[in-house]
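Novice: Sequence first, then the predicted structure:
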Amino acid sequence: MPLPTPAPISPVSQIRPVVLSRIGQPTKLVSPIKPNVVLTGIEKSKQLAAWTAVDEHVKPEHRVIGIGSGSTVPYVVERIVQLGAEANQLRVFIPTGFQSKELIVSSGLNLGDVDQFPTIDVTLDGADEVDHELNCIKGGGACHLREKVLAEAANTFILVADYRKNVEYLGTNFTPGVPIEVVPFAYAKVLQNLHHFVGSPKASLRMAVHKAGPVVSDNGNFIIDAPFDLEKMKTPYTIMTQIKMLTGVVEVGVFCNMAKAAYFGNEDGSVTIRWNDGRVEQVAAAQ
Ligand SMILES: O=C(CO)[C@H](O)[C@H](O)COP(=O)(O)O
């Protein structure tokens, strides 16, 4: 069976290095998670969700797979690696940022980019919180621009998370606010807009922990976190569009009407699946 065919290359992308680093080479697949580690608590819940989602949504015929960011996604890659070298050798994996690129490379999977493969079979990604309609907050790891591009490029977009993220309304447990990626020179103006016109008086620039100054995204931009009161968070699409209209904003970490399903690992070892048609299922965990 042939490899997936990349989109036609434009003159600009011709000068970029080819990122399909491994296709054609013998592949040794390595789990990104340390083997023999017995998981408990939240980590176990993340793994349950990720494994079940991979089992149900990564189909044998899928060739282009989007890999999201965060601490749940390594379990997605772990399960994909378990599918074996033969199943994965004709697949290309598209990252949402530096972290997932490293995951893909260190696991021995084929690396591609969305400019080569603008149509993705399935993208699996984590979330900071997911509401009852599958709207979600993303960007806790400052990757939401690329995450939204890969979600939009995918025929199927699937969320994986532990039970703490499964809420009726956004902002219930995740309180830092809506992550907003902004071009650096516009951050003060956007903050002012958020404080005075959009209803987030406590919006603030996200500061780095082991670096002086602000967090800088994989795209060289700053991140603002904008908390809104719970009443406002009940209409996430309105918030998203109001923020997106502010000049200087690159992307908003609110994803509406994008996910087909969200998988939540539970403390009792079951997995709750919420579908975009309103169905909710509870299943035993993948083994
Ligand atoms: O949006 C994200 C990064 O920008 C992550 O997907 C989100 O923060 C969830 O991460 P985790 O799986 O660690 O809870």
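Specialist: Received, thanks.
Novice: so which residue of the protein comes closest to the ligand?
Specialist: Using CB to the nearest ligand atom, the closest approach of the chain to the ligand is made by Gly70 at 2.5 Å. C-betas here are computed from N, CA, C, even on glycine.
Novice: which SS state does that residue fall under?
Specialist: Using DSSP: H, G, I helix; E, B strand; the rest coil, the three-state assignment for Gly70 comes out as coil.
Novice: From Gly126, how far off is it?
Specialist: To Gly126, Gly70 is 4 Å away according to CB to CB, to the nearest Å.
Novice: Gly68: neighbouring residues, count only.
Specialist: By the measure other CB atoms under 10 Å, the count of residues near Gly68 is 30.
Novice: which residues in this structure form strands?
Specialist: Counting by DSSP state E, one finds strands in the chain at the ranges 64-67, 92-95, 120-125, 129-130, 136-137, 154-162, 178-182, 204-205, 222-226, 249-252, 254-255, 261-265, 270-275, 280-284.
Novice: distance between the ends of stretch 64-76?
Specialist: End-to-end distance of stretch 64-76: 15 Å, with CA to CA, to the nearest Å as the criterion.
Novice: circling back to that earlier point, tabulate the strands of the chain in TSV, adding columns for mean pLDDT and mean neighbour count.
Specialist: What follows is the strands of the chain, written out as TSV (pLDDT from 0 to 100; neighbours: other CB atoms under 10 Å):
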stretch	mean pLDDT	mean neighbour count
strand 64-67	98	27
strand 92-95	98	26
strand 120-125	98	26
strand 129-130	98	24
strand 136-137	98	27
strand 154-162	98	24
strand 178-182	98	28
strand 204-205	98	16
strand 222-226	98	24
strand 249-252	98	22
strand 254-255	98	25
strand 261-265	98	26
strand 270-275	98	18
strand 280-284	93	11
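Novice: and those as TSV, adding distance to Pro236?
Specialist: Below are those laid out as TSV (distance: least, CB to CB, whole Å):
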stretch	distance to Pro236
strand 64-67	22
strand 92-95	26
strand 120-125	17
strand 129-130	10
strand 136-137	8
strand 154-162	14
strand 178-182	9
strand 204-205	20
strand 222-226	12
strand 249-252	10
strand 254-255	5
strand 261-265	14
strand 270-275	15
strand 280-284	19
